[in-house]
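>>> pasting the sequence and the predicted model now:
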Amino acid sequence: MRNRSVVAAVAVAALTAVGLAVPAPAVAAPSRADLALRWAPIHHQDVDATGSHALGGRADYITRVDFDGDFNGRNNWDRAGASGTSLAAHAYYSVAETSTHWYITYLFFHPRDWTDHPFFETEHENDGEGLMLAVERDGSEYGVLRAAVTVAHTNFYSYMPAGSSWSSGRENVDGTLNLAASPHDSFQHPVTAQQAQGHGLKAHPQYAINGDGIVYYPSTVAETPSSGNDRDVRYQLVDIFAPGGLWAQRNNPDLFAHLGTFAGDASGGCGVGTFACGVNSANAPWGWDDGDDLPGRGQIATDPAKLSAEYFTIPGGLSRAYTYNPYASEAAALNAAARTAPRVVD
């Protein structure tokens, strides 16, 4: 049998000799981990060091759910302030695919949602907010970014990068999704930002650093900020579906109080000196919900094609048939449970 490279070379030469165009080689699809890393946000985190609940600013650092070495959601408030505890920077991701688009969901986790106000504001153990990016599969290696939907407490906000072919749909677009270069790779990344204390997430600069803050850059390593005012910290992505990881723990009652809602209690000082401490008050992506919008609870992650079709007008439409959706094996059960699950107010 002749070597395939030799056969290919002969074929190209023959086409060239008769003046026919040589077809471009097919672009191999990137791994899902590479795709998530390529589009992961440059993330601005505002930091507040006011009061004892701030931990000198550390309460605003992003980290792993199991930063303290266990998957117990009810000890995270306490252990975030423990001596020697690592708050190395991580974020979680999942990828769903159709023939027309990739959908990448990112979760940024904080052990505390906190406040330094004694009146009218609550705090709670654990905090999970994030975003979904819609990327069109245009034949290039990583596709083209078309839109984002971010999670700020119990509301979703939609954005598009400049030049996107998408436009407003059932929901109005809330602004432009800016892109910026990273010093750690050769790509332009979307830029997002989170508030201090409550950690609502929007496209930058709708939220922005106000004084102290951290700029996190996507990477394959996890760094810990040198202080609450560090403008170059690399964060590592963690697959939600990694063996033994976040999705594998979805029925662990120490971590989840019910479908997609992190377990959290009022121990360890949460609520002391403030209006109140909420219990079981933060969500994973399959629990995110904007109750005023049509897509159901969690569908920003579990059925992002549906959410995209509702939120945006998309020239040429999009496929709703998933070629890969890691949530799909339990999608029916998730949707049924979401209809009866308590709504979590973050």
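That came in fine, so what should we check first?
>>> low-confidence bits of the stretch 1-150 of the chain, can you list those?
Low-confidence segments of the stretch 1-150 of the chain (pLDDT under 70): 1-26.
>>> helices along that one, start to end?
In the stretch 1-150 of the chain, the helices defined using DSSP state H, counting those that start in this stretch lie at 4-17, 32-39, 76-80.
>>> what comes up buried for the last one?
Taking 16 or more other C-beta atoms under 10 Å as the neighbour-count basis, helix 76-80 is seen to contain the buried residues 76-78, 80. C-beta here means a position set from N, CA and C on the backbone, and glycine is covered the same way.
>>> tell me the contacts of the closest residue to W102 other than its chain neighbours?
Computed as C-beta to C-beta, 6 or more residues apart in numbering, the closest residue to W102 that is not its neighbour in sequence is V135, at 4.4 Å. The neighbours of V135, taking C-beta atoms under 8 Å, 6 or more residues apart in numbering as the test, are 35, 39, 101-104, 142-146.
>>> distance check, V135 against M160.
As judged by C-beta to C-beta, to the nearest Å, V135 and M160 stand 12 Å apart.
>>> ditto for T154
From T154 across to M160, the span is 22 Å (C-beta to C-beta).
>>> compare these two (neighbour count), which wins?
Neighbours were counted for T154 and for M160 using other C-beta atoms under 10 Å; M160 has more, 22 against 16.
>>> before we move on, back to that, what do V135 and M160 both touch?
What both V135 and M160 touch, as defined by C-beta under 8 Å, 6+ apart, is the set R146.
>>> re earlier: can you tell me which of the buried residues of helix 76-80 is closest to A301?
Lowest distance from A301 to the buried residues of helix 76-80 (C-beta to C-beta) belongs to N76, with 21.5 Å.
>>> go ahead and confirm that closest one touches D70.
No. N76 lies out of contact with D70 (C-beta atoms under 8 Å); the separation is 9.3 Å.
>>> direction included, what does the longest strand belonging to the chain pair against?
Longest strand in the chain, counting residues (DSSP state E): strand 122-136. The pairing partners recorded for strand 122-136 under DSSP bridges are strand 101-113 (antiparallel), strand 144-152 (antiparallel), strand 276-278 (parallel).
>>> please report how far the residue nearest to the spatial centre of the chain lies from G317.
Computing the C-alpha centroid of the chain and ranking residues by C-alpha atoms, centre = their mean puts Y106 first, at 1.4 Å. Per C-beta to C-beta, Y106 is found 25 Å from G317.
>>> contact partners for F275?
115, 117-122.
>>> of those, buried ones?
The neighbour-count criterion (16+ other C-beta under 10 Å) marks 115, 122 among these as buried.
>>> please identify which of the contacts of F275 is nearest to L255.
Using C-beta to C-beta, the contacts of F275 come closest to L255 at T122, 21.5 Å.
>>> distance check, the closest residue to the closest one other than its chain neighbours against H124.
Closest residue in space to T122, ignoring its immediate chain neighbours: A276 at 4.5 Å, by C-beta to C-beta, 6+ apart. Using C-beta to C-beta, A276 is found at 9 Å from H124.
>>> quick one: which of the two has more around it?
Counted by other C-beta under 10 Å, A276 and H124 do not tie: H124 has more neighbours, with 27 against 13.
>>> bridging residues for the more buried one?
Assigned bridge partners for H124, using DSSP bridges, are D113, G278.
>>> in what helix or strand does D232 lie?
For D232, the element it lies in under DSSP states H and E is strand 230-239.
>>> so what touches that strand?
With C-beta under 8 Å, 6+ apart as the test, strand 230-239 has contacts from 32-33, 36-37, 40, 43, 62, 64, 88-94, 183-184, 213-225, 245-246.
>>> can I have the buried ones of those as a PyMOL selection?
With 16+ other C-beta under 10 Å as the criterion, this PyMOL line picks the buried residues out of the contacts of strand 230-239:
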select buried, resi 32+36+37+40+43+62+64+88+89+90+91+92+93+94+213+214+215+216+217+218+219+222+223+225+245+246
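>>> returning to what we had before: and the residue nearest to W102, bridged to which residues?
Beta-bridge pairing for V135 (DSSP bridges): W102, L145.
>>> so it versus D34, what's the distance?
Counting by C-beta to C-beta, the separation of V135 from D34 is 13 Å.
>>> for G317, same thing?
27 Å.
>>> so these two - more neighbours on which side?
A count of neighbours by other C-beta under 10 Å puts D34 above the other of G317 and D34, at 12 against 9.
>>> where along the stretch 201-346 of the chain do the strands fall?
All strands of the stretch 201-346 of the chain, identified by DSSP state E, counting those that start in this stretch, fall at 201-203, 213-219, 230-239, 256-258, 261-262, 276-278, 282-283, 312-313, 322-324.
>>> out of these, nearest to A28?
Closest approach to A28 among those (C-beta to C-beta): strand 322-324, 15.7 Å.
>>> and the closest one, what does it pack onto?
If contacts are counted by 3 or more C-beta pairs under 8 Å, 6 or more residues apart in numbering; DSSP states H and E, strand 322-324 sits against strand 90-98.
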